[in-house]
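**Student:** Okay, structure incoming, though there's no sequence with it:
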């Protein structure tokens, strides 16, 4: 009997808590989810939104990716808390460092994927995580990147030039009603990267509430084109239910009155 896949649905997979160790001596907490009985076709390394505004490894799109994509699309999903970030999984060492020290966090995650011999590594950055991908993610191990709601707050023209020179695929999913960067401006900004693909998503907003399935479909379309999309909305088999109540107040909307950090020259006026 088929059961609807809901926000709290956890489809079968092999999941293990992991630790990442950074070059500057920090321990970061995370999780690696893999297909249950077969090797993954590709790998997502997830970079979460601003921890000062509720972002963490369990931010809803990343959580749904880890809970669904190993079963639905044969993908491995590595997610972790950047320095100083807390979720139910735990708290990573260190303190938030405005995308500077986080370069070691990105490197540690990519190195873990390489050490674990995970295939076809892609970055999945969301908001602040897109800046981490652009600034620090153009690594020889990385195949490409998918960017969700990129604000281009911390990224510099030099960072974009590195990606342009690499030729690595870059896909930016930009909400029609984003708070920071909307599709038309995003196309102008990302024109600096000839191979970048900017996909405007009608009706979507920065938080992707109600549009997570669209994100997952676009991710699968790039990482495992053999899997038909849209992905199934029901599951015929065992399914667990996760507790998402702990995160009811961990969205950017809950931090609306808190100033958004960032370099003065790049800071959004929102």
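**Tutor:** That came in fine, so what should we check first? Just so it is clear, the model here is predicted, and its values are computed rather than measured. Numbers count the residues shown, from 1 in each chain.
**Student:** And the one helix or strand residue 218 maps to, what does it pack against?
**Tutor:** In this assignment (DSSP states H and E), residue 218 forms part of helix 212-223. Helix 212-223 is packed against strand 42-47, helix 60-73, strand 75-80, strand 121-126, strand 142-148, strand 170-175, with contacts defined by 3 or more Cβ pairs under 8 Å, 6 or more residues apart in numbering; DSSP states H and E. (Each C-beta comes from the backbone N, C-alpha and C, glycine too.)
**Student:** from the chain's centre, how far out does the next helix or strand after the last one sit?
**Tutor:** Using DSSP H and E, the helix or strand that follows strand 170-175 towards the C-terminus is helix 183-189. Its chain's C-alpha centre and that of helix 183-189 lie 20 Å apart, by Cα atoms, centre = their mean, to the nearest Å.
**Student:** buried sites along helix 183-189?
**Tutor:** Neighbour counts over helix 183-189 (16 or more other Cβ atoms under 10 Å) mark 183, 186, 189 as buried.
**Student:** I'd guessed the first one sits against residue 203; true?
**Tutor:** Which is residue 183. No. With contact defined as Cβ atoms under 8 Å, residue 183 does not reach residue 203; the gap is 11.9 Å.
**Student:** Which residues are in contact with each of these two?
**Tutor:** Counting by Cβ atoms under 8 Å, 6 or more residues apart in numbering, the contacts common to residue 183 and residue 203 are residue 176.
**Student:** re the thing from before, tell me how far the helix holding residue 218 lies from the chain's centre.
**Tutor:** Averaging C-alpha positions (Cα atoms, centre = their mean) puts helix 212-223 12 Å from its chain's average.
**Student:** Looking at the buried residues of helix 183-189, which is nearest residue 167?
**Tutor:** residue 189 (18.8 Å; Cβ to Cβ).
**Student:** residues touching the closest residue to the closest one other than its chain neighbours, list them.
**Tutor:** Leaving out its chain neighbours, the residue that sits closest to residue 189 by Cβ to Cβ, 6 or more residues apart in numbering is residue 152, at 5.7 Å. Taking Cβ under 8 Å, 6+ apart, we find residue 152 in contact with 130, 131, 134, 180, 181, 189, 266.
**Student:** repeat that for 10 Å
**Tutor:** By Cβ atoms under 10 Å, 6 or more residues apart in numbering, residue 152 lies in contact with 130-131, 134, 159-160, 172, 180-181, 185-186, 189-190, 266, 268.
**Student:** Now flag whichever of the residues you listed is closest to residue 44.
**Tutor:** Out of these, the member with the shortest distance to residue 44 (by Cβ to Cβ) is residue 130, at 13.9 Å.
**Student:** Can you verify that closest one is assigned to a strand?
**Tutor:** No. Residue 130 sits outside any strand when classified using DSSP: H, G, I helix; E, B strand; the rest coil, being helix.
**Student:** now the strand or helix carrying residue 16 and strand 75-80, what's the angle there?
**Tutor:** If you go by DSSP H and E, residue 16 is part of strand 14-21. Computed with axes from the mean of the first three to the mean of the last three Cα atoms, to 10 degrees, the direction of strand 14-21 lies at 40 degrees from that of strand 75-80.
**Student:** Please compute how far strand 14-21 lies from its chain's middle.
**Tutor:** Remark: strand 14-21 is offset 16 Å from the chain centroid, using Cα atoms, centre = their mean.
**Student:** same thing with stretch 134-141?
**Tutor:** That offset, for stretch 134-141, works out to 14 Å (Cα atoms, centre = their mean).
**Student:** Likewise for stretch 25-40?
**Tutor:** With Cα atoms, centre = their mean, you get 14 Å for stretch 25-40.
**Student:** buried sites along that stretch?
**Tutor:** Neighbour-count burial for stretch 25-40 flags 26, 28, 29, 30, 31, 32, 33, 34, 35, 40 (criterion: 16+ other Cβ under 10 Å).
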